[in-house]
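Trainee: give me a model of this one.
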Amino acid sequence: MKDELSLPIDRRNLTLALAAAPWLFAGLAQGRSSSGHAATGLAMPSLKVQPFAMQQVRLLDGPCRDALNWNRRFLMQLDVDRLLHVFRVNAGLPSNATSLGGWEAPACELRGHFVGHYLSACALMFAGDGDAELKRHGDAVVAGMAVCQKALNQGGYLSAFPLSFFDRLDARKDVWAPFYTLHKIMAGLYDMHALTGNQQALQVLLGMASWADAWCAAKPRPHMQDILNSEFGGMAEVFYNLAGLTKDVRWRNAGDRFAKDVFLVPLAEKRDALKDLHANTHIPQAIAVARRYELCDDGHDHGMADFFWNEVVEGHSYATGGTGNKEFWLTEAHQLGAEWGQANTHAECCCAYNMMKLSRHLFSWTGDAKYMEYYERLMFNHRLGTIEPETGRTMYYLSLTAGAWKMVGDDNATFWCCTGTGVEEYAKLADSIYFHGKNGLYVNQYIASTLNWPERKIAVEQHTAFPQESKTTLVIKTAPGGSWPIHLRIPAWTQAPSVSVNGQPLKAVIVPGGYLKIERLWKAGDSIVLDMPMPLHVAPFADHPNVQALMAGPIVLAGQFPLNGANNGPQNPTDHDKIAAMEKFPIAIPKLNLAGKSLADLALPAGKPLTYTLAGQSEPITLKPLYQSWERYAVYWETA
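Mentor: Predicted structure coming up:
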């Protein structure tokens, strides 16, 4: 996560763009939102489907449950006093704790950001898994923050760095993203209130929101737009969430002050202007646009968020679903082959986290399966592939360079932005498995889990080893009587899927790429078995079609290059050693000889699920899922 560059703006072109999209900027000074809604209320659209509350879904044994448990291990070893140390020092309060390192060290200008993520993670672990101990830790951090806020006595201001950082931001002097850090803290407080009922968190949050709103309101609009060239995270989103919680339009208007014209105008005009933008600066802005639509029912917001999602997913995403390189979109759309070789810092993990958030919003508007299809790809390749087994340590990038290592953070000395989004992600892996709407239950992800829907007297269990097997079984545990529908997502990647109910094959046309509706009088004990064969297929670069990744269904397969000698670098390397080894001990990844066949034709089953051997090469190459690959690997192959 880097400070956003101050991008040059062609004022003449921007003026033309403003004329083309005046709705973005209308009437804020007169107390009206940019959509034209009067500042006397909120107009919320009806959503086609809605997620279940996290408390209603629980993970069963499987890869997602494993990741949640590893994440708990990482969170539990963090000491509350160490987390609060930089806040107390900034507030002039005594602290005998040893400070955390890395991006939480006292000299780092981003200090305090991870503590906000920590609060969100504690709240999510409580809501999603009933973890009362982590809730107590979160409550203790909130109480400590409240004491610091009172000691600062600066109109609600709270952070781990002094107000002078905002003076530097106001003067447009170099400073590392103070609003970005403020957002993380505010979002953590919001989650502690919304997910655990902590009232003190809401009071601290309202104080911070009042301070930030007043600070921004005092800035002339052109100056505020210049300030927005420094990364500000999801400030607009957290204000919109606060507006939804309190029904106070003040916070919606505060969120509107973070609408960055130079980014939003091209989206309004349906132009892909993402090249050279810092990816994770702007994905949160698209999430904010989506959240605003859910507050204001503004069709412009709907169109911008959807256009952005489609451009990123279709034109700027790798086979894993990840996006970006060196944190930026380096090329025009559909030029990933050119971008791929420019660095080995592909697919920042924060971007995956935020694209999953955006997908979840957009799915609720339409119920379109494509959003959950992309969500699945990120879940099983990027997210499950970037948490270290047992330790719970997480990654910054998921490199797709041939011969790459996976490099994870440290328990005490990194605390990157992606460490923060990581502890949140692995606390909420169950939050999009099931949705509900007027037409019953939607099953989006095939993950071992339980659902309790007391309002409808419905309970369901899902049993599966997916993706290690292609089947999932849904068992109705309780049902209310009467006919009601279950909607099963039929993945676009499958071929010849089949469904049976209580052992009887379903006689229906089952079309991949949408939802299969099964409506009947369900009874306790009824079961559905969905079989989704996972054919091998390739994912080539549009601009370099001879460079291909191999996939089984949604799962990216990686060639394995385990340590076996000096040419592969040191044994049992540290992450610093891994970085050096990539440079000092490059691996010669062979160009694959297809001999007139497709890459998929050359992959022969190797006796284990999702494990293959590439035939016809100078030496055998083993392939297995990228998310299970923890030595050197290759995802994209040059083919002859």
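Trainee: going forward, measure contacts between C-alpha atoms and count neighbours the same way
Mentor: OK.
Trainee: would you map the strands across the stretch 451-600 of the chain?
Mentor: With DSSP state E, counting those that start in this stretch as the definition, the stretch 451-600 of the chain shows strands at residue ranges 458-464, 471-478, 483-490, 498-501, 504-505, 514-521, 527-531, 536-540, 547-552, 555-561.
Trainee: so for residue 624, which of those strands sits nearest?
Mentor: Distance to residue 624, taken as Cα to Cα, is lowest for strand 555-561 among the strands of the stretch 451-600 of the chain, at 5.1 Å.
Trainee: list the contacts of residue 350.
Mentor: With Cα atoms under 8 Å, 6 or more residues apart in numbering as the criterion, the residues that contact residue 350 are 280, 396, 417, 418, 421, 422.
Trainee: actually residue 595, not the one I typed
Mentor: Counting by Cα under 8 Å, 6+ apart, residue 595 has contacts residue 640.
Trainee: model confidence for it, exactly?
Mentor: Reported pLDDT at residue 595 in the predicted model: 80.
Trainee: one more: the one 5 residues further on?
Mentor: With respect to pLDDT, residue 600 scores 90.
Trainee: contact partners for the residue nearest to residue 525 when sequence neighbours are not counted?
Mentor: With Cα to Cα, 6 or more residues apart in numbering as the criterion, residue 525 has its nearest non-adjacent residue at 5.5 Å, and that residue is residue 476. By Cα under 8 Å, 6+ apart, the contact set of residue 476 is 458, 459, 460, 461, 522, 523, 524, 525, 526, 527.
Trainee: tell me who's in contact with residue 486.
Mentor: Contacts for residue 486 (Cα under 8 Å, 6+ apart) come out as 439, 440, 441, 442, 443, 517, 518, 519.
Trainee: now do 6 Å
Mentor: Neighbouring residues of residue 486 by Cα atoms under 6 Å, 6 or more residues apart in numbering: 440, 441, 517, 518.
Trainee: so the last one makes contact with residue 488?
Mentor: Going back to what we said before, that points to residue 518. No. The pair formed by residue 518 and residue 488 falls short of the contact definition of Cα atoms under 6 Å, at 8.0 Å.
Trainee: of the two, who's got more company?
Mentor: Summary of the neighbour comparison: residue 518 and residue 488, criterion other Cα atoms under 10 Å, with residue 488 having more neighbours (22 against 16).
Trainee: residues of the host helix or strand of residue 133 that come out buried?
Mentor: Using DSSP states H and E, residue 133 maps to helix 132-152. Applying a neighbour-count criterion of 16 or more other Cα atoms under 10 Å, one finds 134-135, 137-150, 152 buried in helix 132-152.
Trainee: sorry, back to before: take the contacts of residue 486 and lay them out in a markdown table including distance to residue 338 and pLDDT.
Mentor: Below are the contacts of residue 486 laid out as a markdown table (distance: Cα to Cα, whole Å; pLDDT from 0 to 100):
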| residue | distance to residue 338 | pLDDT |
| --- | --- | --- |
| 440 | 45 | 94 |
| 441 | 43 | 98 |
| 517 | 42 | 96 |
| 518 | 45 | 97 |
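Trainee: buried ones among those?
Mentor: 440, 441, 517, 518.
Trainee: and the residues you listed, which is closest to residue 431?
Mentor: Closest to residue 431 out of the buried ones among the contacts of residue 486 is residue 441 (14.3 Å), distances taken as Cα to Cα.
Trainee: list the contacts of the helix or strand hosting the closest one.
Mentor: Per DSSP H and E: residue 441 is located in strand 440-443. Defining contact as Cα under 6 Å, 6+ apart, one finds that strand 440-443 is touched by 434, 435, 436, 485, 486, 487, 488.
Trainee: mind running it again at 7 Å?
Mentor: For strand 440-443, contacts defined as Cα atoms under 7 Å, 6 or more residues apart in numbering pick out 433, 434, 435, 436, 484, 485, 486, 487, 488, 489.
Trainee: that strand: how far from the chain's middle?
Mentor: Strand 440-443 has its C-alpha centroid displaced from the chain centroid by 23 Å (Cα atoms, centre = their mean, to the nearest Å).
Trainee: then stretch 611-621?
Mentor: Offset of stretch 611-621 from its chain centre (Cα atoms, centre = their mean): 34 Å.
Trainee: and that stretch, what's its mean pLDDT?
Mentor: For stretch 611-621, mean pLDDT rounds to 89.
Trainee: next: stretch 179-189.
Mentor: What stretch 179-189 shows for mean pLDDT is 98.
Trainee: what's in contact with it?
Mentor: Residues from elsewhere that reach stretch 179-189, judged by Cα under 7 Å, 6+ apart: 110, 112-113, 115-117, 119-120, 159, 201-202, 205, 231-235, 238.
Trainee: look up how far residue 259 lies from residue 188.
Mentor: Remark: distance between residue 188 and residue 259 (Cα to Cα, to the nearest Å) = 22 Å.
Trainee: just residue 75 next, same as before
Mentor: For residue 75, the distance to residue 259 equals 34 Å [Cα to Cα].
Trainee: and for residue 115?
Mentor: With distances taken as Cα to Cα, residue 115 is found 26 Å from residue 259.
Trainee: these two: who's more crowded?
Mentor: Under the neighbour definition other Cα under 10 Å, residue 115 and residue 259 were set side by side, and residue 115 has more, 25 against 22.
Trainee: isn't the more buried one up against residue 85?
Mentor: No. Here residue 115 lies out of contact with residue 85, judged by Cα atoms under 7 Å, at a distance of 10.5 Å.
Trainee: need the overlap of contacts for those two.
Mentor: The contact lists of residue 115 and residue 85 share no entry, where a contact means Cα under 7 Å, 6+ apart.
Trainee: narrow the contacts of residue 350 to those in helices?
Mentor: Among the contacts of residue 350, DSSP state H puts 280, 417, 418, 421, 422 in helices.
Trainee: and residue 391, its phi and psi?
Mentor: Dihedral pair for residue 391: phi -80, psi -30, per degrees, to the nearest 10.
Trainee: in contact with it, which residues?
Mentor: Residue 391 is in contact with 70, 73, 74, counting by Cα under 7 Å, 6+ apart.
Trainee: for residue 156, same thing?
Mentor: If a contact means Cα under 7 Å, 6+ apart, then residue 156 has 149, 207, 208, 210, 211 as its contacts.
Trainee: narrow the residues you listed to those that are buried.
Mentor: Those of those that meet the buried threshold are 149, 207, 208, 210, 211, by 16+ other Cα under 10 Å.
Trainee: need the max-distance pair from those.
Mentor: Farthest pair in the buried ones among the contacts of residue 156 (Cα to Cα) is 149 and 210. Separation: 12.8 Å.
Trainee: could you give the bridge partners of the residue nearest to residue 525?
Mentor: With beta bridges defined as DSSP bridges, residue 476 has these partners: residue 460.
Trainee: and it, how far from residue 354?
Mentor: Residue 476 is 33 Å from residue 354, where distance means Cα to Cα.
Trainee: over to residue 435?
Mentor: Residue 435 sits at a distance of 19 Å from residue 354 (criterion: Cα to Cα).
Trainee: check residue 201 too.
Mentor: In terms of Cα to Cα, residue 201 sits 24 Å off from residue 354.
Trainee: and residue 526, by the same measure?
Mentor: Using Cα to Cα, one gets 37 Å for the distance from residue 526 to residue 354.
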